[in-house]
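J.: Got a sequence here, can you build the structure:
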Amino acid sequence: MTADNDKLPRKKGKIDDPVADDLKKDFPQLARKINRKRIVYLDNAATTQKPSCVIEAVKRFYEEHNANVHRGLYSISEESTRAFDEARAIVARFLSAEPDEIIFTKGATEGLNLLSWTVKEIVGKGREKILLTELEHHSNLVPWQELAKREGFKLEFVRIKKDFMLDMDDLKKKLDKKTAIFSFTAVSNAVGTKTDIALLSRLGREVGAITIIDAAQAAPHMKLDVKEIGCDFLTFSGHKMLGPAGVGVLYGKKDLLGKLPPFQFGGHMIRDVDYESATYGDSPEKFEAGTPNMEGVIGLGEAVRYLEAVGLENISSWENSLLRYALKKVCELEEVEVYTSGAENSAGVLSFNMKGVHPHDISSIFNDYNVCVRAGHHCTMPLMKKMGVSGTVRVSFYFYNTIEDVDLFVEALKKAISVFHPGAEEKPLLGGAVVVQEAEADKEAEEESKGDF
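T.: Below you'll find the model as predicted:
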């Protein structure tokens with residue numbers, strides 16, 4: 001019941017600019033024009049565009065196979081069930097996991113909430129701390145705050161350095177035998193910093209902590225092998241990796257899932273019920289009460305097939321090329337402050353501010369150019385406070401972005417500089433770009449100050 005193979009991209013190996021431009025054709029919305037200008041979509045950390053094969057898989061489900069899964073004994077219900085189960089197998093293969101280790105959720109947020117309500121059952125005696133990092137999204141912070149309040153755990157945070165990398169010395173001081181849970185991001189959604197998730201998982205295992213990875217910003221961009229990583233749990237969202245909204249994945253080691261209680265209760269997740277009590281099924285059914293997001297799961301399976309056809313290593317490499325090119329262009333602009341761990345240590349995210357200008361005002365200029373970016377605190381308010389800013393402008397790349405997309409973004413940024421820094425001098429270049437030079441700017445002093453909190 002998956003989409004036709006000819007709707008998937010042919011394996012093209014390494015992605016370069018012509019290949020990225022060709023892949024862009026698979027995404028209908030990227031062909032749309034507003035005021036005769038094409039959309040330059042650079043908000044991929046928020047959500048990604050959807051390829052035709054995913055849209056058609058969801059459409060086909062509604063038109064041909066719409067029936068509840070794991071319930072009916074008639075043909076279309078059996079077809080729906082097969083497609084649903086096939087999607088679980090596809091996701092399991094994507095992570096090098098087993099199908100019964102894959103729980104379908106509404107997204108990474110629900111996966112982390114599920115764990116925050118159930119994981120206490122497997123916490124060892126004498127463990128009193130929950131350890132996070134200062135990079136975390138609210139979804140990997142607030143649920144643990146609430147667990148700490150309910151159960152009396154102490155919250156601690158691994159500090160970040162001025163380059164937004166984790167302070168490993170601080171980690172080693174705080175990660176100890178009293179740590180119950182060590183939950184950390186694979187990639188910062190706000191500044192793009194990549195963490196060494198295999199190393200962090202190993203360090204957690206060595207002290208007996210439960211290791212949980214928020215992979216919402218990693219799963220769309222890099223190969224994740226949970227066996228090699230060695231984590232206990234890992235979660236991500238479908239909509240950030242070409243899939244439909246409202247569906248996500250929680251991976252858990254089989255033996256640990258067997259020890260967790262259910263998160264929600266109702267149909268499908270039971271083994272037997274009488275008027276006084278109930279017994280529950282095994283994983284994954286135990287955690288998937290009620291009618292699931294069938295079309296979302298099937299669409300996610302198709303999205304994974306698309307990503308595998310393009311190749312995760314190819315995706316990661318091309319995004320890094322775009323980031324390097326963008327960093328070079330933006331760091332030439334003296335009015336801009338960039339927050340980055342550098343291209344070597346970052347995913348395809350570029351976060352910046354303009355001196356004296358609110359991020360929302362910059363974003364409004366970009367909208368005139370149909371350049372779609374995110375402006376705000378990116379659901380990382382504690383990190384923004386640590387940085388001493390209310391928010392940033394964030395550009396986030398995906399494999400369908402091109403060098404021209406970056407150039408159009410830079411052109412819009414230079415226009416914003418000319419609007420908000422009228423003392424700057426604009427000089428048109430060939431192709432309609434502009435160069436901005438500000439009199440008596442001390443570039444060296446500015447470069448030295450970047451990254452300071």
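
J.: List the beta-bridge partners for the closest residue to R374 other than its chain neighbours.
T.: Spatial nearest neighbour of R374, excluding adjacent residues (C-beta to C-beta, 6 or more residues apart in numbering): R394 at 4.5 Å. Where C-beta positions appear, they are placed from N, C-alpha and C, glycine not excepted. On the basis of DSSP bridges, R394 is bridged to S351, R374.

J.: Would you mind confirming that R394 is in contact with C372?
T.: No: with contact defined as C-beta atoms under 8 Å, R394 does not reach C372; the gap is 11.0 Å.

J.: These two: which has the busier surroundings?
T.: Ranked by neighbour count (other C-beta atoms under 10 Å), R394 and C372 place R394 first, with 25 against 17.

J.: quick revisit: and the residue nearest to R374, what does it touch?
T.: Neighbouring residues of R394 by C-beta atoms under 8 Å, 6 or more residues apart in numbering: D43, A45, A190, V349, L350, S351, V373, R374, A375, H378.

J.: So the first one is in contact with V371, correct?
T.: No: taking C-beta under 8 Å as the definition, D43 is not a contact partner of V371, at 9.5 Å.

J.: These two: which is more packed in?
T.: The neighbour comparison of D43 against V371 (other C-beta under 10 Å) goes to V371, with 23 against 19.

J.: how near is the more buried one to K329?
T.: Distance of V371 to K329, computed by C-beta to C-beta, to the nearest Å: 14 Å.

J.: Next: M241.
T.: The value you get for M241 to K329, if C-beta to C-beta is used, is 27 Å.

J.: count of neighbours near the closest residue to G266 other than its chain neighbours?
T.: Distances taken as C-beta to C-beta, 6+ apart place A289 nearest to G266, at 4.1 Å, with adjacent residues excluded. Counted by other C-beta under 10 Å, the residues lying close to A289 total 18.

J.: and A289, which of the three is it?
T.: Here A289 is coil, with the state taken from DSSP: H, G, I helix; E, B strand; the rest coil.

J.: Let's test this: what are the backbone torsions at it?
T.: Main-chain torsions, A289, degrees, to the nearest 10: phi -70, psi 140.

J.: I'd assumed A278 was in contact with it.
T.: No: the criterion here is C-beta under 8 Å, and A289 misses it with A278 at 11.3 Å.

J.: Now for the two: what residues contact both?
T.: With C-beta under 8 Å, 6+ apart, A289 and A278 have common neighbours F265.

J.: Find the helix or strand that W318 is a member of.
T.: Following DSSP states H and E, the helix or strand that holds W318 is helix 312-330.

J.: any idea of the mean pLDDT for that helix?
T.: Helix 312-330 comes out with an average pLDDT of 97.

J.: name the helices or strands packed onto that helix?
T.: The contact analysis (3 or more C-beta pairs under 8 Å, 6 or more residues apart in numbering; DSSP states H and E) places helix 312-330 against strand 336-339, strand 349-354, helix 403-420.

J.: That helix: how far from the chain's middle?
T.: Relative to its parent chain, helix 312-330 has a centroid offset of 17 Å by C-alpha atoms, centre = their mean, to the nearest Å.

J.: And the contacts of it?
T.: Helix 312-330 has contacts (C-beta under 8 Å, 6+ apart) with 12-16, 20, 192, 220-223, 307, 336, 338, 340, 343, 346-350, 352, 395, 397-399, 401, 403, 405-407, 409-410, 413.

J.: again, only this time at 6 Å
T.: Residues outside helix 312-330 that contact it (C-beta atoms under 6 Å, 6 or more residues apart in numbering): 14-15, 221-223, 336, 343, 348, 350, 397, 399, 401, 406, 410.

J.: Grab the CA positions of the helix or strand containing G296 and hand them over as CSV.
T.: Remark: G296 resides in helix 294-310, with elements defined by DSSP H and E. What follows is helix 294-310, C-alpha atoms only, in CSV (Å, rounded to 0.1, in the frame of the first residue of the first chain):
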residue,chain,number,x,y,z
MET,A,294,-3.3,5.5,10.7
GLU,A,295,-2.8,7.8,7.8
GLY,A,296,0.0,9.6,9.6
VAL,A,297,1.9,6.4,10.4
ILE,A,298,1.6,5.2,6.7
GLY,A,299,2.7,8.6,5.5
LEU,A,300,5.7,8.4,7.9
GLY,A,301,6.7,5.0,6.5
GLU,A,302,6.7,6.5,3.0
ALA,A,303,8.8,9.5,4.2
VAL,A,304,11.4,7.1,5.6
ARG,A,305,11.5,5.2,2.3
TYR,A,306,12.1,8.6,0.6
LEU,A,307,14.9,9.5,3.0
GLU,A,308,16.6,6.1,2.6
ALA,A,309,16.4,6.5,-1.2
VAL,A,310,18.2,9.9,-1.0
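
J.: any idea how far the residue nearest to R374 lies from H360?
T.: According to C-beta to C-beta, R394 stands 12 Å off from H360.

J.: so what's L260 closest to, chain neighbours aside?
T.: T118 (4.5 Å).

J.: So which elements touch the host helix or strand of the one you found?
T.: T118 is located in helix 108-118, with elements delineated by DSSP H and E. Helices and strands touching helix 108-118, by 3 or more C-beta pairs under 6 Å, 6 or more residues apart in numbering; DSSP states H and E, are helix 142-151, strand 233-237, strand 248-252.

J.: contact partners of that helix?
T.: 105, 139-140, 143, 147, 216, 233, 235-237, 248, 250, 260-261, 263.

J.: Just the buried residues out of the residues you listed, in PyMOL syntax.
T.: In PyMOL, this line selects whichever of those come out buried by 16 or more other C-beta atoms under 10 Å:
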select buried, resi 105+139+140+143+147+216+233+235+236+237+248+250+260+263
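
J.: rewinding a little: how big is the angle separating the helix holding W318 from helix 294-310?
T.: Helix 312-330 runs at 80 degrees relative to helix 294-310, counting by axes from the mean of the first three to the mean of the last three C-alpha atoms, to 10 degrees.

J.: Give the buried residues for helix 312-330.
T.: For helix 312-330, burial by neighbour count (16+ other C-beta under 10 Å) applies to 312, 314-316, 318-323, 325-327, 329-330.

J.: In the stretch 301-450 of the chain, where is pLDDT below threshold?
T.: Where the stretch 301-450 of the chain drops to pLDDT under 70, the residues are 423-450.

J.: on contacts alone, who are the packing partners of the longest helix anywhere in the chain?
T.: Longest helix in the chain, counting residues (DSSP state H): helix 75-95. Counting contacts by 3+ C-beta pairs under 6 Å, 6+ apart, helix 75-95 is packed against strand 102-105, helix 294-310.

J.: Kindly reformat those as JSON lines containing distance to C53.
T.: Shown next, in JSON lines, are the helices and strands packed on helix 75-95 (distance: least, C-beta to C-beta, whole Å):
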{"stretch": "strand 102-105", "distance to C53": "20"}
{"stretch": "helix 294-310", "distance to C53": "6"}
